[in-house]
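# Predicted model and sequence follow; I will ask about them next.
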Amino acid sequence: MSTSSYVLDLIQRPRRLRRNESLRRMVRETELSVNDLIYPMFVTEGENQKIEVASMPGCYRFSLDLLLKEVAEIAALGIPAIALFPVISESKKDETGSESYNPKGLVQETVAAIKAQTPELVVITDVALDPFTSHGHDGLLDESGYILNDETVEVLSKMAVSQARAGADMVAPSDMMDGRIGAIRQALDTEGFTNVGILAYSAKYASAYYGPFRDALDSAPKSGDKKTYQMDPANAIEAIKEVELDIAEGADIVMVKPALPYLDIIRQIRDVTEVPVAAYNVSGEYAMIKAAGEKGWIDEKKVMLETLVSIKRAGATLILTYFAKEVALLLQ
């Protein structure tokens with residue numbers, strides 16, 4: 001049979017369903033919605049501060065007064081949640097990150113103010129010590145510079161409780177200490193915060209994609225790296241183990257970070273768990289699209305949407321992304 005006659009005899013022609021936009025919409029398997037989005041935001045000290053992050057065009061460090069205005073806009077766009085990250089002065093940092101559980105600290109006061117103004121917005125707080133430690137690591141150090149796991153977990157538990165007391169709807173341990181989900185869950189429950197959820201950074205890799213974020217928070221490690229507690233990028237089976245441990249310890253949502261280089265991990269985790277799976281479209285992924293868009297090398301908006309659809313298609317229920325506001329405006 002010739003090629004031409006074979007083609008003429010075809011019964012299945014998938015292109016029939018791609019013929020126009022209406023047909024494509026009817027059979028579309030993956031839909032990106034504003035309900036899928038969590039917007040990471042940076043809060044800094046002072047007043048009337050709106051400082052653009054040089055490596056993250058369109059992202060800003062806001063003082064609380066201006067952050068509240070931005071939060072009102074975000075809620076009006078239908079974005080259901082924000083993830084809050086603090087930028088504090090060096091004078092408030094110490095070896096143990098004690099400012100992290102200060103009831104009058106920047107995070108605690110910011111959470112209380114947001115919930116008073118915009119109670120319907122879900123506020124997710126970061127639980128890790130790197131923004132608060134003078135050395136820039138996510139935990140306490142011993143004399144050799146090694147991160148002390150169990151001692152760090154004690155501080156993280158105090159931090160999570162202080163955030164819950166301020167009004168956080170969900171705490172998000174991003175530190176990658178062993179056993180911290182169970183300890184935080186127990187601490188929250190003991191203090192009466194049984195309804196405060198835990199979004200666990202379960203598969204957080206020791207990635208080179210975090211550079212712009214560390215610029216935003218001024219939280220890069222002063223020495224060494226984070227490879228003894230964040231995951232090896234070469235590992236996949238270990239990610240499943242981390243997720244299973246976090247769920248067993250009480251995680252309500254598990255997360256993969258970064259997203260794009262780890263779409264296979266998102267898919268594998270989605271296939272083995274029934275809890276919601278979040279993915280973090282991190283600062284480096286954001287910055288690359290922004291930079292290429294500014295150069296005119298790509299259509300920024302189309303690449304942005306294609307990127308987020310790919311993350312959802314891989315199996316993510318929720319996506320933390322700095323594009324959230326732009327996407328919400330496009331989806332209106």
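Cool, got the structure.
# List the buried residues for stretch 192-207?
By neighbour count on 16 or more other CB atoms under 10 Å, the buried set for stretch 192-207 is F193, V196, G197, I198, L199, A200, Y201, S202, A203, K204, Y205, S207. For glycine as for every other residue, the C-beta is placed from the backbone atoms N, C-alpha and C.
# ok, V127 - contacts?
L156, M159, A160, Q163, V171, A172, P173, S174, D175, R180, I184 (CB atoms under 8 Å, 6 or more residues apart in numbering).
# next one: phi and psi at it?
phi -120, psi 100 (degrees, to the nearest 10).
# Just give the closest residue to it, not the sequence neighbours.
In this structure, V127 finds its nearest non-sequential neighbour in P173, 4.2 Å apart by CB to CB, 6 or more residues apart in numbering.
# how close does that neighbour sit to L263?
23 Å (CB to CB, to the nearest Å).
# out of those two, which sits in the busier spot?
P173 (29 against 18; other CB atoms under 10 Å).
# any idea where the helices of the stretch 101-250 of the chain begin and end?
Assigned by DSSP state H, counting those that start in this stretch, the helices in the stretch 101-250 of the chain fall at 106-117, 149-166, 180-190, 211-217, 237-249.
# V87: which of these is closest?
helix 211-217 (5.5 Å; CB to CB).
# Where do the strands of the stretch 1-150 of the chain begin and end?
37-44, 50-52, 60-63, 81-87, 122-127, 140-141, 147-148 (DSSP state E, counting those that start in this stretch).
# now those strands as CSV including mean pLDDT?
What follows is those, written out as CSV (pLDDT from 0 to 100):
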stretch, mean pLDDT
strand 37-44, 97
strand 50-52, 95
strand 60-63, 96
strand 81-87, 97
strand 122-127, 98
strand 140-141, 88
strand 147-148, 90
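# so which of those comes closest to A314?
strand 37-44 (15.9 Å).
# Low-confidence regions, the stretch 101-250 of the chain specifically.
For the stretch 101-250 of the chain, applying pLDDT under 70 flags the ranges 216-224.
# excluding its backbone neighbours, what's nearest F42?
With CB to CB, 6+ apart, the residue lying closest to F42 is R61, at 4.5 Å.
# how much space between the one you found and N281?
19 Å.
# Next: A54.
From A54 to N281 the distance is 19 Å (CB to CB).
# So these two - more neighbours on which side?
N281 (28 against 11).
# Test for you: state the pLDDT assigned to that one.
Here, the pLDDT recorded for N281 equals 97.
# what are the bridge partners for it, then?
T321 (DSSP bridges).
# residues touching it, list them.
P258, A259, L260, T307, L308, I311, I319, L320, T321, Y322, F323.
# If we ignore the residues flanking it in sequence, what's nearest the third one?
Of all residues beyond its chain neighbours, the one nearest L260 is E285 (5.1 Å), with distances taken as CB to CB, 6+ apart.
# Look at that neighbour and tell me its secondary structure.
Following DSSP: H, G, I helix; E, B strand; the rest coil, the label given to E285 is helix.
# Just give me the neighbour total for it.
22.
# so who does it touch?
Y209, P258, A259, L260, T307.
# So which residues of the stretch 201-332 of the chain form strands?
Under DSSP E, counting those that start in this stretch, the stretch 201-332 of the chain gives strands at 253-257, 277-281, 318-321.
# now what about stretch 69-77, what contacts it?
Identification of contacts with stretch 69-77 by CB under 8 Å, 6+ apart yields 34, 39, 41, 60, 62, 82, 114, 117-118, 120-121, 324-325, 328-329, 332.
# picking up where we left off before, you'd agree the residue nearest to V127 is up against I181?
Yes. In this structure, P173 is within contact of I181 by CB atoms under 8 Å, at 6.4 Å.
# shared neighbours, those two?
The contact lists of P173 and I181 share I198, A200, where a contact means CB under 8 Å, 6+ apart.
# one step back: among the strands of the stretch 1-150 of the chain, which is nearest D225?
Nearest of the strands of the stretch 1-150 of the chain (CB to CB): strand 147-148, 11.0 Å.
# picking up where we left off before, which one of the helices of the stretch 101-250 of the chain lies closest to E90?
helix 211-217 (12.2 Å).
# Output the closest one in PDB with nothing but the alpha carbons.
Output in PDB follows, covering the C-alpha atoms of helix 211-217 (Å, rounded to 0.1, in the frame of the first residue of the first chain):
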ATOM      1  CA  GLY A 211      19.700  32.500  43.600                       C
ATOM      2  CA  PRO A 212      17.300  35.400  43.000                       C
ATOM      3  CA  PHE A 213      15.200  34.500  46.000                       C
ATOM      4  CA  ARG A 214      18.200  34.600  48.200                       C
ATOM      5  CA  ASP A 215      18.900  38.100  46.800                       C
ATOM      6  CA  ALA A 216      15.400  39.100  47.700                       C
ATOM      7  CA  LEU A 217      15.700  38.000  51.300                       C
END
